[in-house]
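Colleague: quick one: sequence plus predicted model below, questions after.
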Amino acid sequence: MQETPLYPSYKILLVDDEAPWLRSLGIILERSAAINNIVKCLDSRQVMEILAAGNVGVVLLDLTMPHLSGEELLPRIAEEHPDIPVIILSGMNQLETAINCMKLGAFDYFVKTDEEERLVNGVLRSIKMLELQRENLELSTQFLSDTLHCPEAFQAIVTQDPAMLAIFKYLELVTKSNQPILVTGESGVGKELFARAIHLCGTCSGPLVPVNVAGLDDTIFADTLFGHVKGAFTGANEARKGLVENASGGTLFLDEIGDLSQVSQLKLLRLLQEGEYIPLGSDRPKRLEARIVVATNQDLLARQAAGSFRKDLYYRLNIHHVCIPPLRERLGDLPLLIDHFLDEVARLLRIRKPVVSREVFPRLANYSFPGNVRELKSLLYDAVSAGKSKLLTVADFEKVLGPAGKNPVRANGGTGSAQNCFKQCTQFPTIQEAIEQLVSEALVRADNNQTLAARLLGISQPALSKRLKQRQK
């Protein structure tokens, strides 16, 4: 039988001279918040020794005890262990005492007769605060280093682009946190590859469990994520674990998160806020033990403004956010990606890897790639599969790209028909000046390949050559 993992990773020290109360408090914390890494102390004189031994994160301290009272211990703990939050528990509701304890450094103050939920929430707040402090310390330490600590996690992502490498570094840092990570970007940029990299970067012992939530209605969403007990609904003949439980110790990747209904958004928000969930038909909560990574190609801010995406869920998901740049913004990666996919398709088809004509690279660099890396891969697979030659030329791609000049990428990242480039001109060029600028830009985009530049301009290569000769006179 698999042992229940300890939560949190550090100990929660309970200090009280009443054994029945300590036992009851331990049961409350474990039952309500899955907190099971607990140390109990009946003798207040042993507290400082226990703290000195290390690995205690939070102290719950009774105010009235023989030998050393909570009021005497509190300033000593605050002085010697200022990083450990102390929650005071008292049998009496005394405002003056509570204020004094807060002045002495207490994190919170509760009366023992208070509702269990308030006390548990107070402990959970202290745990979250401590985890954030530790994460910030780790992040600031690692931020000073320029090298990746787990480059193998990003091996599947082919790039040398500085913006992409900066994202790798950021993800390495934020995977130290257990907060959700939001991955956005256009369709085809490789968001699932980034989810896998996040999973590999962390210290996950469990699996990566991906699920596309688009199209799941509210009941199916809850059943898929949280599971159900036997008899929960008609046809539930046996219990079934949900994907949240299947991903325990690992990563749950929710793709197309922007398509969730409002009801399902609320269910996801509660999972993230409470850190627990209830299977359908059950009344016993289970603790979330997986990292949550979500992805979308939609503009969540725009959906939020339109009222179709919850503001509170957006801010809960946006704690750590990366936006993957489209392929047209990292065209320097084209040669690497082309070489990678040609290796891949050659192995798949068991053929010799084709050679790429020199003019192909500038031609592809002038295409907008609305489908991003996925489209480039499909384009290369199709060209190699249909081609009879061992040399790939521009002609092998024109079935998809169209004749050169029909779909060039403008400086603003749009296609050739995106806008009138002369609209913003304060000084209108003459026809001769406009032609000269067109010719110069075409040569730049074609990497000085006159054949390709001529195609971009929609003229013959001899006509371009003649114009260039006239320019030199």
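Modeller: Yep, that arrived. Numbers count the residues shown, from 1 in each chain.

Colleague: and the helices in the stretch 151-300 of the chain, which stretches?
Modeller: 162-174, 191-201, 218-226, 243-246, 262-274, 300-305 (DSSP state H, counting those that start in this stretch).

Colleague: closest one to residue 291 among these?
Modeller: Nearest to residue 291, of all the helices of the stretch 151-300 of the chain, is helix 191-201, at 7.5 Å by Cβ to Cβ. All C-beta atoms are positioned from the backbone trio N, CA, C, and that covers glycine.

Colleague: tell me what that closest one is packed against?
Modeller: Here helix 191-201 is seen to pack against helix 162-174, strand 181-184, strand 208-212, strand 251-255, strand 291-296 when contacts are counted using 3 or more Cβ pairs under 8 Å, 6 or more residues apart in numbering; DSSP states H and E.

Colleague: so which of the ones you listed is nearest residue 67?
Modeller: strand 291-296 (43.8 Å).

Colleague: how much space is there between the residue lying closest to residue 111 once chain neighbours are set aside and residue 122?
Modeller: Excluding the flanking residues, the one nearest residue 111 by Cβ to Cβ, 6 or more residues apart in numbering is residue 93, at 4.6 Å. Separation of residue 93 from residue 122 (Cβ to Cβ, to the nearest Å): 15 Å.

Colleague: count of neighbours near the nearest residue to residue 279 once chain neighbours are set aside?
Modeller: Spatially, and ignoring its direct neighbours in sequence, residue 279 is nearest to residue 227 (4.5 Å; Cβ to Cβ, 6+ apart). With neighbours defined by other Cβ atoms under 10 Å, the count for residue 227 comes to 23.

Colleague: check the one 4 residues further on too.
Modeller: For residue 231, the tally of surrounding residues (other Cβ under 10 Å) stands at 12.

Colleague: quick one, phi psi at the closest residue to it other than its chain neighbours?
Modeller: Taking Cβ to Cβ, 6+ apart as the measure, residue 231 lies nearest to residue 281, with 6.4 Å between them; neighbours along the chain are not counted. Note on residue 281: backbone dihedrals following degrees, to the nearest 10 are phi 90, psi 0.

Colleague: do residue 80 as well
Modeller: phi -90, psi -30.

Colleague: OK, contacts around it?
Modeller: The contact partners of residue 80, taken as Cβ atoms under 8 Å, 6 or more residues apart in numbering, are 48, 51.

Colleague: residue 6 too?
Modeller: With contacts defined as Cβ under 8 Å, 6+ apart, the neighbours of residue 6 are 36-37.

Colleague: checking it next. Helix, strand or coil?
Modeller: Here residue 6 takes the coil state, with states given by DSSP: H, G, I helix; E, B strand; the rest coil.

Colleague: relative to residue 39, how far out is it?
Modeller: Where residue 39 is concerned, residue 6 sits at a distance of 11 Å (Cβ to Cβ).

Colleague: now swap in residue 151 and tell me
Modeller: From residue 151 over to residue 39 (counting by Cβ to Cβ), the distance is 39 Å.

Colleague: may I have the strands that pair with whichever helix or strand residue 87 is part of, each with its orientation?
Modeller: With elements delineated by DSSP states H and E, residue 87 resides in strand 86-90, which encompasses its position. Here the strand partners of strand 86-90, with direction, are listed using DSSP bridges: strand 56-62 (parallel), strand 108-111 (parallel).

Colleague: for the last one, buried residues please.
Modeller: The neighbour-count check on strand 108-111 (16 or more other Cβ atoms under 10 Å) flags 108-111 as buried.

Colleague: shaky segments in the stretch 1-150 of the chain?
Modeller: 1-4, 136-146 (pLDDT under 70).

Colleague: tell me the pLDDT at the spatially most central residue of the chain?
Modeller: Central residue check for the chain by Cα atoms, centre = their mean: the C-alpha nearest the mean position is that of residue 181, 2.7 Å away. Reading off the confidence values, residue 181 has pLDDT 95.

Colleague: got it, and residue 471?
Modeller: Residue-level confidence at residue 471 comes out at 77, pLDDT.

Colleague: what about it, neighbour count?
Modeller: 10.

Colleague: for residue 458, see how far away it is.
Modeller: Residue 471 sits 19 Å away from residue 458, taking Cβ to Cβ as the criterion.
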